[in-house]
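Visitor: coords please:
(2 chains)
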Protein chains: 2
Amino acid sequence: MTALPPSALLFPVPSDIEVSDSITPAHIGDIAKASGLLEDELVYFGKTKAKVQLSVRDRLQDVKDGSYVVVTGITPTPLGEGKSTTTIGLAQALGAHLKTKSFACIRQPSQGPTFGIKGGAAGGGYAQVVPMDEFNLHMTGDIHAITAANNLVAAAIDARMFHESTQKDKALFNRLCPVKKDGSRVFASVMLRRLAKLGIDKTNPNDLTEDEIRRFARLDIDPATITWNRVLDTCDRFLRGVTIGQAATEAGHSRDTGFDITVASEIMAVLALATSLEDMRERLGRMVIGMSRAGNPVTTDDLGVGGALTALMKDAIMPTLMQTVEQTPVLVHAGPFANIAHGNSSIIADQIALKLVGPEGIVVTEAGFGADIGMEKFFDIKCRASGLVPQCVVLVATVRALKMHGGGPTVTAGKPLDPVYVDENIDLVTVGCENMMQHIRNAVKFGVKVVVSVNRFATDTDREIEIVRAKALEAGASAAIECNHWAKGGAGAVELGQAVIDACASVPSNAFKFLYPLEWSIEQKVEAVCKSIYGADSVEFTPLAQEKIRVFTANGYDKFPICMAKTHLSLSTDPSKKNVPTGFSVTIRDIRASVGAGFLYLLCGDIMTVPGLPTRPGFYDVDVDCKTGKIVGLF
Amino acid sequence: MTALPPSALLFPVPSDIEVSDSITPAHIGDIAKASGLLEDELVYFGKTKAKVQLSVRDRLQDVKDGSYVVVTGITPTPLGEGKSTTTIGLAQALGAHLKTKSFACIRQPSQGPTFGIKGGAAGGGYAQVVPMDEFNLHMTGDIHAITAANNLVAAAIDARMFHESTQKDKALFNRLCPVKKDGSRVFASVMLRRLAKLGIDKTNPNDLTEDEIRRFARLDIDPATITWNRVLDTCDRFLRGVTIGQAATEAGHSRDTGFDITVASEIMAVLALATSLEDMRERLGRMVIGMSRAGNPVTTDDLGVGGALTALMKDAIMPTLMQTVEQTPVLVHAGPFANIAHGNSSIIADQIALKLVGPEGIVVTEAGFGADIGMEKFFDIKCRASGLVPQCVVLVATVRALKMHGGGPTVTAGKPLDPVYVDENIDLVTVGCENMMQHIRNAVKFGVKVVVSVNRFATDTDREIEIVRAKALEAGASAAIECNHWAKGGAGAVELGQAVIDACASVPSNAFKFLYPLEWSIEQKVEAVCKSIYGADSVEFTPLAQEKIRVFTANGYDKFPICMAKTHLSLSTDPSKKNVPTGFSVTIRDIRASVGAGFLYLLCGDIMTVPGLPTRPGFYDVDVDCKTGKIVGLF
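Guide: Coordinates of the predicted model:
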């Protein structure tokens, strides 16, 4: 870890790709060695990326974990307030300036929005992951593997329904368990899982009764219940709703369905929450794609595809090691949607990093969206699945967002900012601080320390910053620090780093607690989150949601944690309600079960799972300099 | 290159993945070093795969190319006759047994059929690429990159039509060339390409007239002319025909379209035919996605996406180095469909390999399908684009396929073979040899030597083999050799290797010639191929095809080579007509222009661009052994 010399910091700060190109990264093997990884634990992808084998966890099993810090934010503007940048900047400050062994653990960005309207997810300025183009494009192929795996499931669903529609039970069974050349017949190993689920205790296909043959061979999927969508990592809004099976070869089998963006696939959530290869195999096999006409869940293993999915995902389970501009090690792994999924990077990456930094070190991980969504899911879903105990929340706030909450005009991506956001306005900041204070009070409920990071913009005044700091301490934060890592690198977050070190050292080891126990009913868990975190007065369930609760409870899915699919632009379910809305009710429109990932997700309002491309997408500026081979124009 | 000791060869030959797992591959860095590659020219993907930088061609520009050998086959049964296995086995024989520096250059297989019904494309038995699971799944991500690039174009098409439909010219232009914060306005560099195409010689957006604004900003794509499909590398037949835009957010903009399998994307053909990064950039920008309502071609650069496609494809342009079971170096690169595209691996890989083996060495490359399709396209499309001169064709024949051509019953994948295929039958073989002889006579027309490889099955008799050999020589082959590399590795193809060495040494350097010159009209070129290669009496063009000829000629596309989209199961266009059909006519149903790839493809009959999944797909057997992390059940 090597601090950038002040002379290397340009002002004004160039574009992200220009900063990235100005840095010569260390060989990733050197970063790995400095982090305590052995050569045999690496799978190189060129000189700047390496996958890390899970065996490192076993080697270091007796090492005590480092401190575990999660970066989250207040309710943001649509422009984002710099959570990723703070995650990277804090790790840089700890590693390169405060001589504390540190890792940043972040999500792999979706490639789709890279060519649309979003900025990169590598952080930015002098607090970013390099090379940023390799981070933003393909990386080590994990998202591509998920696209392939997700769509193999989809193809298997429709092909199975097609073949079941044209064959009688016996013929279907004979095709599934054909007689081999030597006259023998065997069940594939994945078929034994289905037999076990059906309570059929036989291993020879010839021994099945007619009724058992029917039950085994006929999945009898009810097309109306299929929840499995196809996916692409592309912002292609015309795939949101599609009718498939329109060619003559499939005539009479058309079906209305849709695509999601790949990061919304349940397989992405599985990758993020799996704790081992074995665990991933089980999760990939128990994903529910819909119901049979008799009302029973149909799983990926029922389709016979769980093993093949694991084969497609076996390299993706390894996190990818990269580095910051200050050579801080970064583990990039998984990037589940933060609304219909839990929006946090992988458990495996955090576990590896916590062992590598050791008891004196600190791992900085990031939770998507605002603290009401990403942080709550980090605690109640991710930490519950991993058993890891966090010590500290870093809550990112900006004067710009607080002014919006205080009543400032609407902030829209791509449009000029209203003057109130660049001129001093004490009143707006003061009123808007309520939003931050609510998030601080929420975080404290989990028994962790809260450090507020105020990401300073050039137009913020000292008086504005001072108000934010005072209000943060008033609400229960251990510290509130002004930061400037975007322009200064780790040097701009040294004070933040020290506050985080102090916070981690002062939290009692048994302080952390979940918001709800899994034993509670679905309704109780939803009420706990809506009332305690969002500040709702009440929760309503539509008849559809109530029916789902009945079905899921009958199948034992009521013991999962809950994953709220809610806007991140408000503490409420209405994105236009800023600051701390009160007197509102949350309506649960529908509930879906991500049985492989291991949570229920509850739909409050419309969730958009494929972004669109604007009239002038970001791809207009992207090209390759054919002389140097370097990408230009990417952010 | 290390010959397998006879003691390592098991009999009966285990499954492909068992053979692959029994071999400990050398570190790919060692294979590279032995091949003459420098450490700096490699981009490692783990220990068994490395991408090779194109700079090696420049470093070796003064080295004379090695001999250039293409492996093709007679008209096959649906089971395939072992072309890939022969390609690998021959390279093994040359390298590990005949001490001739050799490379095999092969296509990356589509992952879709891997989980459906097809075997692997890594060769098989003791003539295969290892590790075969890494070869068959993901490899180094090139096909995933093509999926991403292809679908970005598709998203850009529909998004553009959507935005054009809702905005007037001026608004559209203002969005495409927005005024920046400092008041300036610039064209993105890709926009200058469109301006040049329109003959507008201006570089300041503010200088355009109203008419120029309209012409520049409005692509006015005619939806009925769009030929660009979306792609997935999945056997998902329900995507063959789809209606997109069915969600409420796109209401009123639905459109009927389809998906192809990724290897059918024009971008795959571009990758295979590009000769440099610059060349790929130009090809990726001039792909035609459809026509404007005024009848002008609309390109990817018109959509503004050519640079972004290049950014997505910049790593894919590097071939991937792997090895055979006998440590022969293999370059795997591109895998275009052999019917709607040209079905040959990349030019760049062949060029690199020819420099690395040097003048005494031999590069063995493979052409897809039968010689009437793959070989003809190898010569007339691939060699024309590369300027490389081939010396020798290796034509793979099997007694099984020749018996089919001689009148044997239908051969169907997955069904037991009729006894005539396992018992001696001199008559069927003798009659069926006509098919082989036609392919030999065809190959000789290109001025190259022909060596026939008879891949021997256990049930073939000496008398049957002898007939095939005699008939091959009668038709003009330089040699005809019985081979058994599948069971014996390179040792089973030593005699074949020696015959190939002799053939390459004896061919005059100026012997190679194309079948037709590019200056001929489209009709003339099609007639040359259909009559001279397929043996057709005549060619007919539907009115649709005639209209396309008119349009393409008007746009200058008539100077491209032609790529016939025809069944590989017959020399004619009717797959049921075996051996050497006569007295038939070829009907050209439609013609499409792959302007980026640089050929016209002519549709004769229905071309299926998405395979389906059978009732019991191959994925049932695939799983991961979670203890060892190894894939099981893959072929």
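Visitor: going forward, measure contacts between C-alpha atoms and count neighbours the same way
Guide: Noted.
Visitor: count the residues that sit near the residue nearest to A:Gln53 when sequence neighbours are not counted.
Guide: Once flanking residues are discounted, A:Gln53 sits nearest to A:Glu41: 5.0 Å by CA to CA, 6 or more residues apart in numbering or on different chains. For A:Glu41, the neighbour count with other CA atoms under 10 Å in any protein chain shown is 15.
Visitor: same deal with A:Gly598?
Guide: Neighbourhood size, A:Gly598 [other CA under 10 Å]: 24.
Visitor: chain B versus that one, what's the distance?
Guide: Distance check for A:Gly598 against chain B: by CA to the nearest CA, to the nearest Å, it reads 20 Å.
Visitor: pLDDT score assigned to that residue?
Guide: A:Gly598 carries a pLDDT value of 97.
Visitor: pretty sure it contacts A:Phe560?
Guide: Yes: counting by CA atoms under 8 Å, A:Phe560 is a contact partner of A:Gly598 at 6.1 Å.
Visitor: can you list phi and psi of whatever residue of the stretch 351-500 of chain A ends up closest to chain B for me?
Guide: As assessed by CA to the nearest CA, chain B sits closest to A:Pro416 within the stretch 351-500 of chain A, at 8.3 Å. Dihedral angles of A:Pro416 (phi, psi; degrees, to the nearest 10) stand at phi -60, psi 150.
Visitor: pLDDT wise, what is it at?
Guide: A:Pro416 is given a pLDDT of 81.
Visitor: and it, how many neighbours does it have?
Guide: Using other CA under 10 Å, A:Pro416 has 9 other residues around it.
Visitor: that one and B:Ser184, how far apart?
Guide: Plainly put, A:Pro416 is 15 Å away from B:Ser184 if you go by CA to CA, to the nearest Å.
Visitor: check A:Ala316 too.
Guide: Distance from A:Ala316 to B:Ser184, by CA to CA: 45 Å.
Visitor: what is the neighbour count of A:Asp625?
Guide: The tally of other residues near A:Asp625 (other CA under 10 Å) stands at 16.
Visitor: can you check the one 4 residues further on too?
Guide: Burial of A:Gly629, expressed as a neighbour count using other CA under 10 Å, amounts to 15.
Visitor: again with A:Ser576
Guide: A:Ser576, neighbours per other CA under 10 Å, totals 11.
Visitor: where in the stretch 1-150 of chain A is pLDDT low?
Guide: Low-confidence segments of the stretch 1-150 of chain A, defined by pLDDT under 70: A:118-120.
Visitor: try chain A
Guide: For chain A, the stretches with pLDDT under 70 are A:118-120.
Visitor: mind naming the longest helix for it?
Guide: If each helix of chain A is counted by residues according to DSSP state H, the longest one is helix A:142-166.
Visitor: report the angle between the next helix or strand after it and helix A:142-166.
Guide: Note on helix A:142-166: by DSSP states H and E, the next helix or strand toward the C-terminus is helix A:169-176. Here helix A:169-176 runs at an angle of 140 degrees relative to helix A:142-166 (axes from the mean of the first three to the mean of the last three CA atoms, to 10 degrees).
Visitor: output the contacting helices and strands for helix A:169-176.
Guide: If you count contacts as 3 or more CA pairs under 8 Å, 6 or more residues apart in numbering or on different chains; DSSP states H and E, helix A:169-176 packs onto helix A:210-217.
Visitor: so what touches whichever helix or strand comes after the helix it packs on?
Guide: Sequence order places strand A:230-232 as the next helix or strand after helix A:210-217, per DSSP H and E. Outside strand A:230-232, the residues within contact range by CA atoms under 8 Å, 6 or more residues apart in numbering or on different chains are A:147, A:150-151, A:154, A:258-262, A:265.
Visitor: what strands line up against strand A:230-232, and which way round?
Guide: Its sheet considered, strand A:230-232 pairs with strand A:259-261 (parallel) by DSSP bridges.
Visitor: what segments of the stretch 451-600 of chain A are strands?
Guide: Applying DSSP state E, counting those that start in this stretch to the stretch 451-600 of chain A gives strands spanning A:479-483, A:538-541, A:562-565, A:585-588, A:590-594, A:599-603.
Visitor: equivalent analysis for the stretch 301-450 of chain A, please.
Guide: Per DSSP E, counting those that start in this stretch, the stretch 301-450 of chain A carries strands over the ranges A:320-324, A:329-332, A:362-366, A:392-397, A:449-455.
Visitor: I'd say A:Pro76 and A:Leu571 touch.
Guide: No: at 10.2 Å, A:Pro76 does not count as touching A:Leu571 under the criterion of CA under 8 Å.
Visitor: more neighbours, those two?
Guide: Higher neighbour count among A:Pro76 and A:Leu571: A:Leu571, with 29 against 26, using other CA under 10 Å.
Visitor: and the strands of the stretch 301-450 of chain A as a markdown table, adding mean neighbour count and distance to chain B?
Guide: What follows is the strands of the stretch 301-450 of chain A, written out as a markdown table (neighbours: other CA atoms under 10 Å in any protein chain shown; distance: least, CA to the nearest CA, whole Å):
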| stretch | mean neighbour count | distance to chain B |
| --- | --- | --- |
| strand A:320-324 | 29 | 12 |
| strand A:329-332 | 28 | 17 |
| strand A:362-366 | 29 | 27 |
| strand A:392-397 | 29 | 26 |
| strand A:449-455 | 29 | 23 |
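Visitor: quick one: stretch A:100-118 to chain centroid distance?
Guide: Taking CA atoms, centre = their mean, to the nearest Å, one finds stretch A:100-118 lying 10 Å from the centre of the chain it belongs to.
Visitor: buried set for that stretch?
Guide: A:100-117 (16 or more other CA atoms under 10 Å in any protein chain shown).
Visitor: swap in stretch A:517-527?
Guide: Residues A:518, A:522, A:525-527 are the ones in stretch A:517-527 that count as buried (16+ other CA under 10 Å).
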